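Engineer: Would you be able to build a 3D model of this:
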Amino acid sequence: MTIPSSHVRTLKGIVVSDKMQKTVVVEVTRLTKNQKYKKYYKVSRRFQAHDEKGEYHVGDVVMIAASRPLSRTKRFIVTGKVAKKS
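Structural biologist: Sure thing, here's the model as predicted:
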């Protein structure tokens, strides 16, 4: 059974490390609301993503999609570049 592409978890983030072979670290930032004070604050999380060709570098804004486990820590694949580093 295959999972429809509309149900795959996709995230947008910034590449913060490309020192590994075929792997990049992508930091995804989202806004969360405090229930009591109604204030929004940033929450960041880092994901290791598979980059087969090594074409993404630090500062690039990329899209990542969930996949089967590729290693102990890799659960995402880089699907494309949104913007180049500025």
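
Engineer: and Val25, what are its bridge partners?
Structural biologist: Ser17, Gln48 (DSSP bridges).

Engineer: show me the contacts for it.
Structural biologist: Going by CB atoms under 8 Å, 6 or more residues apart in numbering, Val25 touches Val15, Val16, Ser17, Asp18, Arg46, Phe47, Gln48, Ala49. (Each C-beta comes from the backbone N, C-alpha and C, glycine too.)

Engineer: Neighbour-wise, which one of these leads?
Structural biologist: Ala49 (27 neighbours; other CB atoms under 10 Å).

Engineer: separation between that one and Arg72?
Structural biologist: 14 Å (CB to CB, to the nearest Å).

Engineer: May I have stretch 53-71 as PDB, with CA atoms only?
Structural biologist: Extracted in PDB, the C-alpha atoms of stretch 53-71 (Å, rounded to 0.1, in the frame of the first residue of the first chain):
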ATOM      1  CA  LYS A  53      24.000  14.600  -4.700                       C
ATOM      2  CA  GLY A  54      25.400  17.000  -2.100                       C
ATOM      3  CA  GLU A  55      23.800  20.000  -3.900                       C
ATOM      4  CA  TYR A  56      22.400  21.900  -0.800                       C
ATOM      5  CA  HIS A  57      24.600  24.100   1.300                       C
ATOM      6  CA  VAL A  58      24.400  26.200   4.500                       C
ATOM      7  CA  GLY A  59      21.900  29.000   4.200                       C
ATOM      8  CA  ASP A  60      19.700  27.400   1.500                       C
ATOM      9  CA  VAL A  61      16.000  27.300   2.200                       C
ATOM     10  CA  VAL A  62      14.700  23.800   1.400                       C
ATOM     11  CA  MET A  63      11.700  21.600   1.500                       C
ATOM     12  CA  ILE A  64      12.000  18.200   3.300                       C
ATOM     13  CA  ALA A  65       9.600  15.300   3.200                       C
ATOM     14  CA  ALA A  66       9.200  12.400   5.600                       C
ATOM     15  CA  SER A  67      10.400   9.000   4.400                       C
ATOM     16  CA  ARG A  68      11.200   5.600   5.700                       C
ATOM     17  CA  PRO A  69      14.200   5.500   8.200                       C
ATOM     18  CA  LEU A  70      17.400   5.800   6.200                       C
ATOM     19  CA  SER A  71      19.700   5.600   9.300                       C
END
